[in-house]
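J.: how would this look folded up:
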Amino acid sequence: MKPLPVTFDACSSSGRSTQGSQEGKQGRPVRVAILFSGRGSNMEAILREVKGGKLGGLCEVVLALSNRPDAPGLQRAAEFGVPTEVLESAGRKRREYDRALVERLEHLNLDYIVLAGFMRILTEVLIDRYPDRIINIHPADTACHQGLGGYEWAFSQGLSQTWVTVHYVDGGLDTGRVIAKRRVDLAGASSLHEVEHRGLAVERQFYSDCLRSLFLGEPVPLES
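T.: Take a look at the predicted model:
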């Protein structure tokens, strides 16, 4: 299955949908679980769009799950009224953990799993159960930099621009098929903090833009 193209012009920059009542391409709200490990800032941005923005009425976040019991994002999700759960990964082998995760998610009838800082490499146990339905965001062009430290890498290289990439998840480290990329202007950024600030601002808009278009089945330009 080829990635569905995204039309960003259909999304207002204010975060308010211009289409009124929305439904996913299935003819109903898209059922989503968000997996995260830490503070959940991208998850929070998505939940804000679900509550009253470009994802309003289009999808339903039925679970926010963390592999770490101390993840600050658990409180953030609860404040939005989203069911939360911890499935701790410490001391568990990857396939063993993913089997437990599949068992936990199976009854939710999910359309998509959205990763928002979920710090684990998934195995075929989970990927094969949800082919082309697990989405991740990465703070770099995945052809140039994989793994942690995308903004640190861009800053150390002295780049005048970098990219944020939304991609399907496979069994590698940020090696899945690219859905879309958005440019981050780094001109004049003199500190890592500034690079991160600019990148995260793009991430928080771009992820919801991509999800909206995927859920609607709209065309998605590879780069913007």
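J.: which stretches of the chain have low pLDDT?
T.: 1-23, 25 (pLDDT under 70).
J.: can you do 90?
T.: Across the chain, the ranges flagged by pLDDT under 90 are 1-27, 219-224.
J.: which residues in it form strands?
T.: Using DSSP state E, the strands of the chain run over 30-36, 59-66, 84-86, 112-115, 134-138, 161-168, 178-185.
J.: Give the buried residues for the lengthiest helix in the chain.
T.: When the chain is parsed with DSSP state H, its longest helix is helix 192-216. Buried positions in helix 192-216, judged by neighbour count with 16 or more other C-beta atoms under 10 Å: 195-196, 198-200, 202-216. The C-beta positions use only the backbone N, C-alpha and C, and glycine is treated the same way.
J.: Does anything pack onto that helix? Which helices or strands?
T.: If you count contacts as 3 or more C-beta pairs under 8 Å, 6 or more residues apart in numbering; DSSP states H and E, helix 192-216 packs onto helix 41-52, strand 112-115, strand 134-138, helix 150-156, strand 161-168, strand 178-185.
J.: Who are the packing partners of the fourth one?
T.: Just to be clear, that refers to helix 150-156. Under the contact rule (3+ C-beta pairs under 8 Å, 6+ apart), helix 150-156 is packed against strand 161-168, helix 192-216.
J.: repeat that with 6 Å
T.: Judged by 3 or more C-beta pairs under 6 Å, 6 or more residues apart in numbering; DSSP states H and E, helix 150-156 is in contact with helix 192-216.
J.: One more: the longest one?
T.: Identification of packing neighbours for helix 41-52 by 3+ C-beta pairs under 6 Å, 6+ apart yields helix 192-216.
J.: what's the angle from the helix it packs on to strand 134-138?
T.: Per axes from the mean of the first three to the mean of the last three C-alpha atoms, to 10 degrees, the angle that helix 192-216 makes with strand 134-138 is 160 degrees.
J.: Just the residues contacting helix 192-216, thanks.
T.: 4, 6, 8, 11, 24, 30, 42, 45-46, 49, 54-55, 58-59, 137, 139, 151, 154-155, 164, 166, 180, 182, 184, 186, 189, 220 (C-beta atoms under 6 Å, 6 or more residues apart in numbering).
J.: same check, this time on stretch 136-153
T.: 115, 163-167, 169, 173-174, 195-196, 199, 203, 207.
J.: now, which of those sits nearest residue 125?
T.: Each of the contacts of stretch 136-153 was checked against residue 125 using C-beta to C-beta; the closest is residue 169, at 12.6 Å.
J.: Without its sequence neighbours, what residue ends up closest to that closest one?
T.: residue 134 (4.1 Å; C-beta to C-beta, 6 or more residues apart in numbering).
J.: And for residue 85?
T.: residue 65 (4.9 Å).
J.: Wait, the one you found touches residue 35, no?
T.: Yes: Residue 65 lies in contact with residue 35 (C-beta atoms under 6 Å); the separation is 5.3 Å.
J.: With neighbour numbers in mind, choose between those two.
T.: residue 35 (25 against 22; other C-beta atoms under 10 Å).
J.: what's near enough to touch that one?
T.: 65, 115, 118.
J.: switch the cut-off to 8 Å
T.: By C-beta atoms under 8 Å, 6 or more residues apart in numbering, the residues touching residue 35 are 65-67, 113-116, 118.
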